[in-house]
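>>> mind looking at a prediction? Sequence and model below.
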Amino acid sequence: MTTTTPSDVRPDPPHSPDDLSLTEFGYRQELHRSLGRYASFAAGFSFISVLTTVFQFFAFGYAFGGPVFFWTWPAVLLGQLLVAACFAELAARYPISGAIYQWSSRLSNRTFGWFAGWIMVIGQIVVVAAAALALQLVLPAIWSGFQLIGTDPAITSADGAANAAVLGVILLALTTLVNILDNRVMSVVNRVGVTAEIIGAVLIVVLLLTHSERSPGITFHTEGAAQSGLFGALLVGSFAAAYVMIGFDSAGEMSEETHHPRRTAPRTILVALGAAGLLATLIVLGGLLAAPSLTDGHLAVDGLSYVLTSSLGDGVGRVLLADVVVAIAVATLAIQTAACRMLFSMARDGRLPFSGRLARVNPRTGMPSAPALVVGILAAALLLLNFASPEAFLAIGTTCIVMLYLAYAMVTGPLLVRRLRGEFTVEGTDETGARLFSLGRWGVPVNALALLYGLFMTVNLAWPRAAVYDPAGGHWYFQWFTVLFLAVTVVIGMVYRAYRTRTVVTEAPEAVAV
């Protein structure tokens, strides 16, 4: 990784080799190519956002899995690394914005690829909303004045859920503004935020491990798990790790804004996931070892915020929580940016309603402004569900994971079919003359395991467990929320595709060729 240099924030001159590489795919350079290696890494790392997601779902994972839920973290990391390895190959071969949509379209067909992109972008919008909700887990813990509604800050309470929605909408307004201003501003905010997050994450790991109250052997215990049986505890406990380790494909999403994308994106996809997964695993371990008690109920309700303030003291704990706030803000920004690039890529091919407007790039800022507004408004609308019931927090969080896992499988599936037919090879060189990233003879086994893992986790996450999604009873729609949301997404997509087939005689000239 490199530090910030002038080339990180200055667009390439017209007709640079990076820009011209788009012509083979039928596109012209419109987005400003201003991201270096560290900025590309930051795009993937900030989407994953260790501090945001670990703090957001630690309490849930512990509540259902007990201390043994720790082992779901290395297991999920291994599974996602298999997926990321496949994506790294595709990032080298197809360095285009809208990665999941573009990759799936070229590996299968335009209709299947469209649904992969459609599911992915809807999932990304839900992830934006879920990330913004995380502010509720830290801001009131820093200062009670951030509890603008009611008095109970717990996100599982009516007051906490409503306050989370208010704080989330405020954050979305700010990230939408940054996503409209300039991609140089967005890049600087992203890099600074990721640097602060990495420093904070390392400090948290060190401080928690040096304040241990028990030995690592506790991670083999299931005491306190709400889910009966070891296997059941691990299945539900894995939700936390599954939620954390998504979005590493964002480095591929930003390919059209990255210098030397064929060389840079594959490496930053793997490094971002590896670094984030390792830090997340160590933070979870540190939290389990440093918690004042594993049985007083706090860990399953207040999560890591409780561990930091109680084990490290209010002063140090609140400083570290302030760093978590920065991480949440940057994560929300990065996820919104990725969703904007997906909308832009699909609209550029004329594949969405109002494509002309959504595909328009401001020549001065290098930003597609309309997608930023669409993503921000739709994510804010989802936050209103929190006013209906506290259970909306978990429903929104799980739904976004399922959507992304399914979209990932819609890439690894067609890729495996191509490999088995002998139709997929990674040949040629990157911008520096080195060979493109390739799995070589390991391609088929890695790809097959990646697909099986992805499908298994999709079913596991979407399974309508009443004890998980509707523990109080009486809200069947939350128990089935993920399945219903996915079904509605697919039906809306089918209706639009049918309407478009009847009304559009010819595709846009720049439509995807497969």
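Sure, I can see it.

>>> burial of residue 28, as a residue count?
10 (other Cβ atoms under 10 Å). For the C-beta atoms, the positions are set from N, CA and C on the backbone; glycine is no exception.

>>> residue 454 contacts residue 407, doesn't it?
No - using Cβ atoms under 8 Å, residue 454 makes no contact with residue 407, being 9.5 Å away.

>>> pLDDT weak spots in this structure?
Across the chain, the stretches falling below the confidence threshold (pLDDT under 70) are 1-21, 224-228, 390, 503-514.

>>> mind checking which residue lies nearest the centre of it?
Ranked by distance to the mean C-alpha position of the chain (Cα atoms, centre = their mean), the top residue is residue 247 at 3.3 Å.

>>> run through the residues that contact that residue.
Residue 247 makes contacts with 44, 47-48, 127, 334-335, 338, 404, as judged by Cβ atoms under 8 Å, 6 or more residues apart in numbering.

>>> now it: how far from residue 120?
Between residue 247 and residue 120 the distance, using Cβ to Cβ, to the nearest Å, works out to 11 Å.

>>> okay, and the common contacts of those two?
Shared contacts of residue 247 and residue 120, defined by Cβ under 8 Å, 6+ apart, comprise residue 404.

>>> secondary structure class for the residue nearest to the centre of the chain?
In terms of secondary structure, residue 247 is coil; the call rests on DSSP: H, G, I helix; E, B strand; the rest coil.

>>> likewise for residue 299?
Secondary structure, three-state DSSP: residue 299 is coil.

>>> can you tell me which residues contact it?
Residue 299 makes contact with 59, 62, 287, 291, 293, 306-307 under the criterion Cβ under 8 Å, 6+ apart.

>>> make TSV from those and add distance to residue 344 to it.
Converted to TSV, the contacts of residue 299 look like this (distance: Cβ to Cβ, whole Å):
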residue	distance to residue 344
59	36
62	39
287	39
291	44
293	49
306	41
307	41
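
>>> check those and tell me the two furthest apart.
The most widely separated members of the contacts of residue 299 are 59 and 293, with 14.0 Å between them, by Cβ to Cβ.

>>> in the chain, spot the helix with the most residues.
With secondary structure taken from DSSP state H, the chain has its longest helix at helix 314-348.

>>> give the buried residues for it.
By neighbour count on 16 or more other Cβ atoms under 10 Å, the buried set for helix 314-348 is 317-318, 320-348.

>>> can you tell me the distance between the two ends of stretch 252-269?
7 Å (Cα to Cα, to the nearest Å).

>>> next one: it to chain centre, how far?
Distance of stretch 252-269 from the chain centroid (Cα atoms, centre = their mean, to the nearest Å) equals 17 Å.

>>> more neighbours, residue 59 and residue 293?
Neighbours per residue (other Cβ under 10 Å) separate residue 59 from residue 293, with residue 59 holding more: 23 against 11.

>>> check which helix or strand covers that one.
For residue 59, the element it lies in under DSSP states H and E is helix 50-65.

>>> which SSE is immediately downstream of that helix?
If you walk from helix 50-65 toward the C-terminus, the next helix or strand you reach (DSSP H and E) is helix 72-93.

>>> show me what that next one packs onto, helices and strands only.
The elements that helix 72-93 packs onto, with contact taken as 3 or more Cβ pairs under 8 Å, 6 or more residues apart in numbering; DSSP states H and E, are helix 99-107, helix 230-244, helix 250-253, helix 261-290, helix 392-420, helix 443-462.

>>> deepest-packed of those, please.
Comparing these on average neighbours per residue, with mean count of other Cβ atoms under 10 Å, the densest one is helix 250-253 at a mean of 32.

>>> return the list of helices and strands in contact with that helix.
For helix 250-253, where contacts count as 3+ Cβ pairs under 8 Å, 6+ apart, the packed elements are helix 37-48, helix 72-93, helix 99-107, helix 261-290, helix 314-348.

>>> now with 10 Å, please.
helix 37-48, helix 72-93, helix 99-107, helix 110-133, helix 261-290, helix 314-348 (3 or more Cβ pairs under 10 Å, 6 or more residues apart in numbering; DSSP states H and E).

>>> redo these as CSV? Include distance to residue 166.
Listed next are these as CSV, based on distance: least, Cβ to Cβ, whole Å:
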stretch, distance to residue 166
helix 37-48, 24
helix 72-93, 32
helix 99-107, 32
helix 110-133, 10
helix 261-290, 28
helix 314-348, 15
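
>>> of those helices, which is nearest residue 388?
Using Cβ to Cβ and comparing these, the one that lies nearest residue 388 is helix 110-133, at 13.7 Å.

>>> now that closest one: buried residues?
For helix 110-133, the buried set under the neighbour-count rule, 16+ other Cβ under 10 Å, comprises 110, 112-133.

>>> now residue 291: how far from residue 356?
Counting by Cβ to Cβ, the separation of residue 291 from residue 356 is 54 Å.

>>> more neighbours: which of those two?
Set side by side, residue 291 and residue 356 give different neighbour counts by other Cβ under 10 Å, the larger being at residue 291 (26 against 12).

>>> surely the more buried one meets residue 208?
Yes - assessed by Cβ atoms under 10 Å, residue 291 is found in contact with residue 208 at 9.0 Å.

>>> overlap in contacts of the two?
304, 307, 311 (Cβ atoms under 10 Å, 6 or more residues apart in numbering).

>>> so of these, which ones are in helices?
Restricting those to those inside helices, with DSSP H as the criterion, leaves 304, 307, 311.

>>> ok, the second one - contacts?
When contacts are counted by Cβ under 10 Å, 6+ apart, residue 307 touches 55, 58, 204, 208, 211, 283, 286-292, 298-299, 317.

>>> any idea how far it is from residue 326?
19 Å.

>>> and what of residue 223?
Applying Cβ to Cβ, one obtains 35 Å for the distance of residue 223 from residue 326.

>>> one more: residue 483?
Using Cβ to Cβ, one obtains 35 Å as the distance from residue 483 to residue 326.

>>> cool, and residue 452?
Taking Cβ to Cβ as the measure, residue 452 and residue 326 are separated by 37 Å.

>>> ok, residue 214 next?
The separation that residue 214 has from residue 326, given Cβ to Cβ, amounts to 30 Å.

>>> check residue 65 too.
28 Å.

>>> then residue 392?
Distance check for residue 392 against residue 326: by Cβ to Cβ, it reads 25 Å.

>>> repeat for residue 88
Counting by Cβ to Cβ, the separation of residue 88 from residue 326 is 28 Å.

>>> ok, and what's touching stretch 219-235?
60-72, 75, 214, 236-237, 284-285, 288-289, 294-297, 299-300, 456-457, 460-461, 463, 465, 467-468, 471.

>>> one step back: any idea which helix or strand comes after the longest helix of the chain?
The helix or strand immediately downstream of helix 314-348 is helix 355-358, counting by DSSP H and E.

>>> list of residues touching that next one?
340, 343-352, 368-371, 373-374, 508.

>>> just to revisit the earlier point, need the helices and strands packed on helix 72-93 in a markdown table with distance to residue 428, can you?
Formatted as a markdown table, these follow (distance: least, Cβ to Cβ, whole Å):
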| stretch | distance to residue 428 |
| --- | --- |
| helix 99-107 | 15 |
| helix 230-244 | 34 |
| helix 250-253 | 17 |
| helix 261-290 | 8 |
| helix 392-420 | 17 |
| helix 443-462 | 16 |
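
>>> many thanks, have a good one.
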